[in-house]
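> Compute the structure for the input listed below.
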Amino acid sequence: MGHAGRGLAQQWSIQTTDAPAHWRRCRIASPAYAGPCRVTFVTKGTRSLNIHFDLDDSGTEGISFVIASEDLELRERMSFALVAERFQRNAVVSAEGVCAVRPESIRCISVDGAYSAQAVQRLR
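Numbering: from 1, shown residues only. Presented below is the predicted three-dimensional model:
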C-alpha cells in the first residue's frame, strides 16, 4: 500500500483496493481548489467505492468521489452522490454526478459542474 493509501486508510478507516496510479495529466476543479493533481487510487468503504484524486503521494490533500455500491466493483460508468474535499479543511458535500473509469483515464464530474477531476495518460 502506498503512502496515499496508508494516509487515507488511517483517516477514513477504509481499505485500499488498488496501488496508487500516477498520471501524465491530472486536474481537479472544486470550490476549494482548482489545479493539478498527481495520483489516483480506489478504496472500499462498508457500502461504497471511493475514487481519490490527490495532489501528491501523502494522501492528505485532494478530492474523493463516493460511489454507493453493493458489489464494490469498479465499472466503466458509475454514479456518485457525495464528494469529499481534503484541503485546508475537510468537507463532505452532497453532489450527484458520474465517474467514467477506463484503463487510460478516470474522469468524474458533478451534474452542476462544481466538482470535477480527470486523470489521463497513466504512467507505467
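
> Does the residue nearest to R25 when sequence neighbours are not counted belong to a helix, a strand or coil?
Leaving out its chain neighbours, the residue that sits closest to R25 by Cβ to Cβ, 6 or more residues apart in numbering is V120, at 5.0 Å. Yep, even glycine has a C-beta here, placed from its N, CA and C like the rest. Following DSSP: H, G, I helix; E, B strand; the rest coil, V120 is assigned to strand.

> show me the contacts for V120.
If you count contacts by Cβ atoms under 8 Å, 6 or more residues apart in numbering, V120 has them with W23, R24, R25, C26, E104, S105.

> partners of it in the sheet?
R25, S105 (DSSP bridges).

> can you give me the strands in the chain?
Taking DSSP state E, the strands of the chain run over residues 15-16, 21-29, 34-36, 39-44, 48-54, 62-68, 77-86, 90-102, 105-110, 116-122.

> ok now the fourth one, how far from the chain's centre?
So the one you mean is strand 39-44. 6 Å (Cα atoms, centre = their mean, to the nearest Å).

> Pull up the pairing partners for it, direction included.
Per DSSP bridges, strand 39-44 is paired in its sheet with strand 15-16 (antiparallel), strand 21-29 (antiparallel), strand 48-54 (antiparallel).

> The third one now?
Next to strand 34-36 in the sheet, as set by DSSP bridges, lie strand 21-29 (antiparallel).

> Contacts for the partner strand, please.
By Cβ under 8 Å, 6+ apart, strand 21-29 touches 34-41, 53, 55, 62-63, 115-123.

> Export the strands of the chain to CSV and append columns for mean pLDDT.
Shown next, in CSV, are those (pLDDT from 0 to 100):
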stretch, mean pLDDT
strand 15-16, 47
strand 21-29, 93
strand 34-36, 96
strand 39-44, 89
strand 48-54, 92
strand 62-68, 93
strand 77-86, 93
strand 90-102, 93
strand 105-110, 95
strand 116-122, 94
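
> partner residues bridging the most centrally placed residue in the chain?
Nearest residue to the geometric centre of the chain (Cα atoms, centre = their mean): H52, 1.9 Å. Beta-bridge pairing of H52 under DSSP bridges involves F41, S64.
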